[in-house]
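Peer 1: structure for the following, please:
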Amino acid sequence: MMINSSGALELSSLRSVFQSLTNNARGIYLLLVKYQLKNGSNLTNYQGMAFKDLYTSCREAFLVSSDVALRAQLTEFLDHKLAKMKRSADGAENILLPIKNALLEKFLNEQN
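Peer 2: The predicted model follows:
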């Protein structure tokens with residue numbers, strides 16, 4: 001119970017999956033983490049990062065060459081439950097991380 005409430009198990013799982021990813025996939029995930037920490041202070045109203053914005057950021061960082069490549073990388077995150085994809089009211093796809101921001105901050109600090 002204590003492990004679960006502190007998030008240690010969740011953080012350990014995140015670390016394990018993250019280490020198994022390719023360098024580009026790690027870069028994509030870190031972009032999502034940074035975006036959520038910057039914009040998702042209130043997770044109840046947080047819609048996530050728009051797919052088109054993520055794609056633009058990934059192209060600028062030379063992490064993907066096409067939206068198909070980005071979708072393939074996102075499938076890995078979705079399969080491991082590191083991310084969720086939701087549609088907004090206007091039909092846009094948004095990606096959000098179902099992990100508490102405190103744990104994401106700790107994870108990001110470990111990566112730097």
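Peer 1: can you check which helix is longest in the chain?
Peer 2: Scanning the chain for the helix with the most residues, using DSSP state H, yields helix 23-39.
Peer 1: how about that one: buried residues?
Peer 2: Using 16 or more other CB atoms under 10 Å as the test for burial, helix 23-39 gives 24-33, 35-37. Just so you know, the C-beta spots here come from the backbone N, C-alpha and C atoms, and that holds for glycine as well.
Peer 1: residue 58: which of the residues you listed is nearest?
Peer 2: The shortest gap between residue 58 and any of the buried residues of helix 23-39 belongs to residue 28, at 5.7 Å (CB to CB).
Peer 1: so the closest one touches residue 71, yeah?
Peer 2: No - between residue 28 and residue 71 there is no contact under CB atoms under 8 Å: 11.0 Å.
Peer 1: the helices in this structure, which residues?
Peer 2: Ranges of helices in the chain, per DSSP H, are 2-6, 8-20, 23-39, 51-60, 67-79, 101-111.
Peer 1: just the buried residues of stretch 62-77, please?
Peer 2: Using 16+ other CB under 10 Å as the test for burial, stretch 62-77 gives 63, 64, 69, 70, 73, 74, 76, 77.
Peer 1: test my guess that the first one contacts residue 27.
Peer 2: The reference is to residue 63. Yes - Residue 63 lies in contact with residue 27 (CB under 8 Å); the separation is 4.7 Å.
Peer 1: the bottom helix or strand of this protein by mean pLDDT?
Peer 2: Ranking every helix and strand in the chain by mean pLDDT, DSSP states H and E puts helix 2-6 at the bottom, with a mean of 47.
Peer 1: contacts for stretch 42-59?
Peer 2: Stretch 42-59 is contacted from outside by 27-28, 31-32, 35-36, 39-40, 64-65, 67, 70, 84-86, 88, 92-96, 100-101, using CB atoms under 8 Å, 6 or more residues apart in numbering.
Peer 1: good, wrapping up.
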